[in-house]
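1. Here is my input; please provide its structure:
(one chain, ligands or ions: 1)
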Amino acid sequence: MTHLNSALHRDWQNNGYLKIPTFFSTEEVKDLQTWVSEISSWEPTEDKWMHHYESTPEGARLSRSENFVPYHTDMKNTVTSGKVLGVVSELMAESAVLYKEKINYKYPGGGGYVAHQDAPAYEFVDYHITCLISVDSATPESGCLYFSPGRHKEGFIALDEKGCVAPETALKMEWIAVPTAPGDILLFGSYIPHKSPPNRSNESRRIIYLTYNAKSQGDWRERYYADKRQAFSQYANDGSKRNKQISKIAHFQGKVISHE
Ligand SMILES: O=C(O)CCC(=O)C(=O)O
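-> Predicted coordinates:
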């Protein structure tokens, strides 16, 4: 089954990202919202899912949860089979496999992300496609994503010591806001530069990010999380400033409190 016509394939090639409105029905969005709430209420654990907390004007709030797919059957079915896997595989022009997954909550006052490409943080495989699912609406005020169209064709762009696009280069780039409504998806490759502002609204802006690689390149998901856990336990013990990151790159602008 194909999900995209030739005009959408052309947009993908030209821009490096593609929004598909109402990919999920109202009923499916309700389920996704319920599952995200369930995952966000799970107690912290040392060896399963990971929760990251940030300081907001309303106190400590979750900024991110990840590695939840093995522990949530409905979420697992939705992201490892069916139409999400189908549309990502279509863009890859081959079968895709899940590389990692996360929920970025961005509650009111939650931090934004400086301009970056994902590729420096996504090791082991050199190309990925992420499917963003808008669980809440995301607007410029609540912290939607901004992309620099067409700049996915240039490899790494002005990679700085934080693993991000150097600020002076980012300032000169063109940025397009891509707001999303609940049920919309937004697909983007790991070389497209993107960024997002903090949430200056009073509404939550929860988004699910599902990242895939070509199946022919292998299944790296467990290795990715084992490596991330190991890296973060090292940052915690070496007094490193990297403990204030939520990724191996320092793109997050919120005030990180803890990783659990
Ligand atoms: O959720 C956001 O606002 C942006 C997230 C992002 O770019 C990332 O997690 O790499």
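2. Give the burial count for the residue nearest to M1 when sequence neighbours are not counted, as a bare number.
-> By the measure of Cβ to Cβ, 6 or more residues apart in numbering, the closest residue to M1 outside its immediate chain neighbours is G86, 6.2 Å from it. C-beta: built from backbone N, CA, C; applies to glycine. By the other Cβ atoms under 10 Å criterion, the neighbourhood of G86 contains 14 residues.
3. got it, and G59?
-> Here the neighbour count serves as a burial measure; for G59 (other Cβ under 10 Å) it reads 10.
4. Tell me how far it lies from Y53.
-> In this structure, G59 and Y53 are separated by 10 Å, where distance is defined by Cβ to Cβ, to the nearest Å.
5. Repeat that for D227.
-> From D227 across to Y53, the span is 22 Å (Cβ to Cβ).
6. Tell me which of those two has more neighbours.
-> Each of D227 and Y53 has its neighbours counted (other Cβ under 10 Å); Y53 has more, 21 against 14.
7. Now the phi/psi pair for the more buried one, please.
-> Here is the backbone geometry of Y53 (degrees, to the nearest 10): phi -120, psi 150.
8. residue contacts, V84?
-> Going by Cβ atoms under 8 Å, 6 or more residues apart in numbering, V84 touches T78, C131, I133, I185, L210.
9. Next, count neighbours for the last one.
-> What it means is L210. 25.
10. So it sits against C131, correct?
-> Yes: the pair L210 / C131 is scored as a contact, 4.7 Å apart, by Cβ atoms under 8 Å.
11. Could you list the residues of the stretch 1-150 of the chain in contact with the ligand?
-> Counting by Cβ under 6 Å from any ligand atom, the positions of the stretch 1-150 of the chain adjacent to the ligand are N104, K106, Y113, D118, G143, L145.
12. So for the first one, what pLDDT did the model give?
-> As predicted, N104 sits at a pLDDT of 98.
13. what's it in contact with, if anything?
-> Neighbouring residues of N104 by Cβ under 8 Å, 6+ apart: S63, R64, R206, I207, Y209.
14. now, which of the residues you listed lie within strands?
-> Using DSSP state E to define strands, the subset of these located there is S63, R64, I207, Y209.
15. Residue of the stretch 1-150 of the chain nearest the ligand, please.
-> Using Cβ to the nearest ligand atom, the closest approach of the stretch 1-150 of the chain to the ligand is made by N104 at 3.6 Å.
16. Same list (the residues of the stretch 1-150 of the chain next to the ligand) but as a markdown table, adding secondary structure.
-> A markdown table is the format used below for those (DSSP: H, G, I helix; E, B strand; the rest coil):
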| residue | secondary structure |
| --- | --- |
| N104 | strand |
| K106 | coil |
| Y113 | strand |
| D118 | coil |
| G143 | coil |
| L145 | strand |
